[in-house]
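Novice: just the structure for this:
(one chain, ligands or ions: 3)
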Amino acid sequence: MSVQSHTKRLTAPDIARKKGGEPVVALTAYHAHTAKIVDPFVDLLLVGDSLGMVMHGYETTVPVPLDLMIRHAQAVVRGSEKGLVVVDMPFGSYEESPQVAFRNAARVLKETGAGAVKLEGGTHMAETIQYLTDRGIPVMAHIGMTPQSVNVFGSFKAQGRRRSEWAKFEEDARAISDAGAFAVVVEALAELLAARITRQIPIPTIGIGASAECDGQILVLEDLLGLSPRVPKFVKEYAQLGDAIRNAVSAYADDVRSRQFPGDENTYPMLDDEESEAQPEPKTASR
Ligand SMILES: Nc1nc(=O)c2c([nH]1)NC[C@@H]1CN(c3ccc(C(=O)N[C@@H](CCC(=O)O)C(=O)O)cc3)CN21
Ligand SMILES: CC(C)C(=O)C(=O)O
Ligand SMILES: [Mg+2]
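Specialist: Numbers count the residues shown, from 1 in each chain. Ligands and ions are numbered 1, 2, ... in the order given. Below you'll find the model as predicted:
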């Protein structure tokens, strides 16, 4: 257990300063109650667009609307006090132009109180990252396997496992770093490539399926809790909450059916002075 002491919320520059130091600990959070539980242990809470898949049953992150991200981000900000809250810009909300990206990212910061946004893409998003950063919006980049491009990639699969693919990802890392991103998520990249990128850029690399060579790690909370029906190879399940929920709900259903629940301890009796007069109607009484 390592609860971090704190006085105020971490900022994007606080995260940037952790480059090369003790690893940055990050997790996704989609709600107030989980944010509150997670917050003491992490540096950064990501309101990821994976919430579309995890919470809302979409097959990919592509359909997620900006308004849904904002609703969840408001809850996470209310539930947390120490971690930097970063919000994923969903597919379609930033790619068109730096101006559209600014308008939507400004909405996110104004309406949620989050401290930064994250967007997917390398060289082709550098201009937008610079535009937002210059205008007061801290940007976390996201390179490697970028789930919003699943329709281009064809599936969610690891990248950079052949040396011939390295140059493209190294250019992406350099471009987003030069453009002013304060950190970068590096997703599903071969270990050797993640290590090279981490050495080559001056901002923290936050890995997901990108080895222990990164400056920090992030996972989807529900995945590490054992709540996701299928998890990628890079997930370690630290609990089996899916099993715990099944057991609890099954016991509840049995208790209701056998009238074991609610018991006397869950029931309101009449007040003492009324007890003697209290005559319940028989269960079969007709009206
Ligand atoms: N719950 C959850 N956890 C995640 O980590 C996550 C999401 N959702 N949604 C957005 C993206 C999608 N992610 C994924 C999803 C699946 C694989 C996966 O299973 N990959 C396999 C097979 C890929 C293939 O079809 O070839 C692999 O071995 O890489 C990886 C990353 C990571 N992100
Ligand atoms: C997995 C993380 C990096 C993410 O982008 C998400 O949860 O949407
Ligand atoms: Mg995402």
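
Novice: next one: phi and psi at Ile218?
Specialist: As for Ile218, its main-chain torsions (degrees, to the nearest 10) stand at phi -140, psi 150.

Novice: run through the bridge partners of it.
Specialist: Under DSSP bridges, the beta-bridge partners of Ile218 are Ala26.

Novice: neighbours around it, how many?
Specialist: The tally of other residues near Ile218 (other CB atoms under 10 Å) stands at 25. (C-beta placed from N, C-alpha, C; glycine too.)

Novice: before we move on, what about Glu95?
Specialist: By the measure other CB under 10 Å, the count of residues near Glu95 is 16.

Novice: ok, the one 5 residues further on next?
Specialist: Val100 has 14 neighbours, counted by other CB under 10 Å.

Novice: which residues sit against the helix or strand hosting it?
Specialist: If you go by DSSP states H and E, Val100 is part of helix 98-112. Under the criterion CB atoms under 8 Å, 6 or more residues apart in numbering, residues 66, 69-70, 73-74, 77, 85, 87, 89, 93-95, 114-115, 117, 119, 127-128, 131-132, 135, 137, 139 lie in contact with helix 98-112.

Novice: which among those end up buried?
Specialist: Using 16 or more other CB atoms under 10 Å as the burial test, the contacts of helix 98-112 include 66, 69-70, 73-74, 77, 85, 87, 89, 93-95, 114-115, 117, 119, 128, 131-132, 137, 139 as buried.

Novice: cross the residues you listed against helices and list the overlap.
Specialist: Among the buried ones among the contacts of helix 98-112, the residues falling in helices (DSSP state H) are 66, 69-70, 73-74, 77, 128, 131-132.

Novice: which SSE is immediately downstream of the helix or strand bottoming out on mean pLDDT in the chain?
Specialist: Per-element confidence for the chain was summarised using mean pLDDT, DSSP states H and E. The lowest value among helices and strands belongs to helix 150-153, with a mean of 95. Toward the C-terminus, helix 150-153 is succeeded by helix 166-178 as the next helix or strand (DSSP H and E).

Novice: from the ones in helices among the buried ones among the contacts of helix 98-112, pick the one nearest ligand 1.
Specialist: Met69 (13.7 Å; CB to the nearest ligand atom).

Novice: do the lengthiest helix in the chain and ligand 1 meet?
Specialist: For the chain, the longest helix by residue count, based on DSSP H, is helix 241-257. No - if you take CB under 6 Å from any ligand atom as the test, helix 241-257 misses ligand 1, and the best it gets is 12.5 Å.

Novice: what about stretch 56-70 and ligand 1, touching?
Specialist: Yes - using CB under 6 Å from any ligand atom as the criterion, contacts between stretch 56-70 and ligand 1 involve Thr61.

Novice: residue in the stretch 51-200 of the chain with the shortest distance to ligand 3?
Specialist: Asp88 (4.4 Å; CB to the ion).

Novice: just the pLDDT for that residue.
Specialist: Confidence at Asp88, expressed as pLDDT, is 99.

Novice: before we move on, what about Ala105?
Specialist: Ala105 is assigned 99 on the pLDDT scale.

Novice: and it, how many neighbours?
Specialist: Per other CB under 10 Å, the neighbour tally for Ala105 reads 28.

Novice: Asn247 now?
Specialist: Counted with other CB under 10 Å, the burial measure for Asn247 works out to 11 neighbours.

Novice: for Leu192, same thing?
Specialist: By the other CB under 10 Å criterion, the neighbourhood of Leu192 contains 14 residues.

Novice: in PDB, could you pull the C-alpha coordinates for the stretch of helix or strand it belongs to?
Specialist: Assignment of secondary structure by DSSP H and E places Leu192 within helix 191-200. In PDB, the C-alpha atoms belonging to helix 191-200 read as follows (Å, rounded to 0.1, in the frame of the first residue of the first chain):
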ATOM      1  CA  GLU A 191       9.500  -3.900 -25.700                       C
ATOM      2  CA  LEU A 192      12.600  -3.000 -27.700                       C
ATOM      3  CA  LEU A 193      10.700  -0.200 -29.500                       C
ATOM      4  CA  ALA A 194       9.100   1.100 -26.300                       C
ATOM      5  CA  ALA A 195      12.600   1.300 -24.700                       C
ATOM      6  CA  ARG A 196      14.000   3.200 -27.700                       C
ATOM      7  CA  ILE A 197      11.200   5.700 -27.700                       C
ATOM      8  CA  THR A 198      11.400   6.200 -23.900                       C
ATOM      9  CA  ARG A 199      15.100   7.100 -24.300                       C
ATOM     10  CA  GLN A 200      14.600   9.300 -27.300                       C
END
